[in-house]
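Enquirer: fold the following.
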Amino acid sequence: MVTYYRKLPKFDYRMPKTVKEALELLSKKAKGGVKVFAGGTDLVPKLRSREVEAPEILVDLKGIPKLDYIQYNAKNGLRFGPLVTISEIENSPLIRDHFSVLAQAAHSMASPQVRNRGTIAGNICNAVPSADSAPALLTLNARLKLVSLKGERMVKIEDFFKGPNETVLSGREILREVKVPPLPAKSKGVYLKLSPRRAMDLAIVGVAVVLIQEDGVCRDIRVALGAVAPTPIRVKKAEDILRGQRVSDELIDKVAEVASQEARPIDDHRASAEYRREMVAILVRRAISQAVRS
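Expert: Residues are numbered from 1 along each chain as shown. So this is what the prediction gives:
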């Protein structure tokens, strides 16, 4: 058997040294367009396979210093830059201690090699419905700082996704920072993923839960799903069932049932819509139960 490897298409490769320089490149009126990337673990294979059209200019952010920071304080919460790798999120003691659902989601992604190169910012901007970081960040009420030559704006992550591979990013903007507000001390987070293989595979269903429980009462709960709708989603009707109530197995079952009804899965070559909906209920039930007992 002969395997053929396609060469990358031709493009003008640039590695700017500042954010301003990158934004100036994005503002160029290039005939074939301009694309920006950080890790390139998604874009480069797609360029090689011709799944996406090659831009005239490809802008690599890796040359910009000081964009790989992770910062946290109890008052303002978490901030991290667009060059922070998935493995850095996975292994950060700050994130493991204060935002464990995000560390768990990062751990579930791809292979160690991809996690060492790929970035959370890239995972968000690809806007794949099965992206593992998105449900976790939805439960954390993350906000995204988007910058262009005209200025900056803050966007809630729940308003960022428009559809499969579509976001509110304009062609001249860069995701400059991810911000996550602090969580109460008694918060528990769980991310669960169903995929055909235990590693290096996309989610058939992804479930993130953040639960705040006090004296057996659910003070707050956030549940987000991936791979079961055109975009990652919060299932707010399901959350409302348990919020403010004493936690019980019966209520957890009800939350799981309503969450599966809020999902909007499709049939594809990886799983049927019916199977995905059933697995939403199972994983939501399991995730909430783990958060309650942890």
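Enquirer: quick check, Lys46 in a helix?
Expert: Yes - the assignment for Lys46 (DSSP: H, G, I helix; E, B strand; the rest coil) places it in a helix.
Enquirer: helix or strand: which one has the residue lying closest to it once chain neighbours are set aside?
Expert: Distances taken as C-beta to C-beta, 6 or more residues apart in numbering place Val52 nearest to Lys46, at 4.6 Å, with adjacent residues excluded. All C-beta atoms are positioned from the backbone trio N, CA, C, and that covers glycine. Using DSSP states H and E, Val52 is not contained in any helix or strand.
Enquirer: could you report the pLDDT at Val52?
Expert: For Val52, the model assigns a pLDDT of 86.
Enquirer: from what I see, it and Pro45 are in contact.
Expert: No - counting by C-beta atoms under 8 Å, Val52 sits too far from Pro45 to count as a contact (9.8 Å).
Enquirer: output the longest helix belonging to the protein.
Expert: What stands out as the longest helix in the chain, according to DSSP state H, is helix 273-293.
Enquirer: start to end distance for stretch 105-122?
Expert: Taking C-alpha to C-alpha, to the nearest Å as the measure, stretch 105-122 stretches 15 Å from start to finish.
Enquirer: chain center to that stretch: distance?
Expert: 11 Å (C-alpha atoms, centre = their mean, to the nearest Å).
Enquirer: in it, what's buried?
Expert: The neighbour-count check on stretch 105-122 (16 or more other C-beta atoms under 10 Å) flags 105-110, 114-115, 117-122 as buried.
Enquirer: and for it, what's in contact with it?
Expert: 37-43, 80-87, 89-90, 123, 132-133, 135-136, 175, 178, 191, 193, 199-200, 203, 206, 208 (C-beta atoms under 8 Å, 6 or more residues apart in numbering).
Enquirer: what mean pLDDT does that stretch get?
Expert: For stretch 105-122, mean pLDDT is 95.
Enquirer: low-confidence regions, the stretch 1-150 of the chain specifically.
Expert: 1-5, 30-31 (pLDDT under 70).
Enquirer: could you rerun that using 80?
Expert: For the stretch 1-150 of the chain, applying pLDDT under 80 flags the ranges 1-6, 29-32.
Enquirer: who's in contact with the closest residue to Glu166 other than its chain neighbours?
Expert: Nearest residue to Glu166 in three dimensions, chain neighbours excluded: Ala127, at 5.8 Å (C-beta to C-beta, 6+ apart). Residues near Ala127 by C-beta under 8 Å, 6+ apart: Phe160, Phe161, Lys162, Gly163, Pro164, Asn165, Glu166, Thr167, Thr231.
Enquirer: all helices of the stretch 151-294 of the chain, in order?
Expert: Under the criterion DSSP state H, counting those that start in this stretch, the stretch 151-294 of the chain contains helices at 236-242, 249-262, 273-293.
Enquirer: and the stretch 1-150 of the chain, by the same measure?
Expert: 19-26, 43-49, 86-91, 93-98, 100-107, 112-117, 120-126, 133-139.
Enquirer: I'd like to know which of the ones you listed lies nearest to Lys7.
Expert: Lys7 lies closest to helix 43-49 among the helices of the stretch 1-150 of the chain, at 7.5 Å (C-beta to C-beta).
Enquirer: helices and strands around that closest one, which ones?
Expert: strand 34-37 (3 or more C-beta pairs under 8 Å, 6 or more residues apart in numbering; DSSP states H and E).
Enquirer: tell me the spacing between Leu175 and Lys46.
Expert: 19 Å (C-beta to C-beta, to the nearest Å).
Enquirer: so between the two, which is more surrounded?
Expert: Shown here are Leu175 and Lys46; by other C-beta atoms under 10 Å, Leu175 has more neighbours (24 against 14).
Enquirer: and the gap between the nearest residue to that one once chain neighbours are set aside and Ile288?
Expert: Nearest in space to Leu175, with sequence neighbours left out and distances taken as C-beta to C-beta, 6+ apart, is Ala121 at 4.9 Å. As judged by C-beta to C-beta, Ala121 and Ile288 stand 29 Å apart.
Enquirer: could you do Ile266 as well?
Expert: Ile266 sits 25 Å away from Ile288, taking C-beta to C-beta as the criterion.
Enquirer: quick one: which of the two has more around it?
Expert: More crowded of Ile266 and Ile288, by other C-beta under 10 Å: Ile288, with 28 against 14.
Enquirer: count the residues that sit near the closest residue in space to that one that isn't next to it in sequence.
Expert: Excluding the flanking residues, the one nearest Ile288 by C-beta to C-beta, 6+ apart is Ile252, at 5.0 Å. Using other C-beta under 10 Å, Ile252 has 21 other residues around it.
Enquirer: who's in contact with Ile252?
Expert: Residues near Ile252 by C-beta under 8 Å, 6+ apart: Leu242, Arg285, Ile288, Ser289, Val292.
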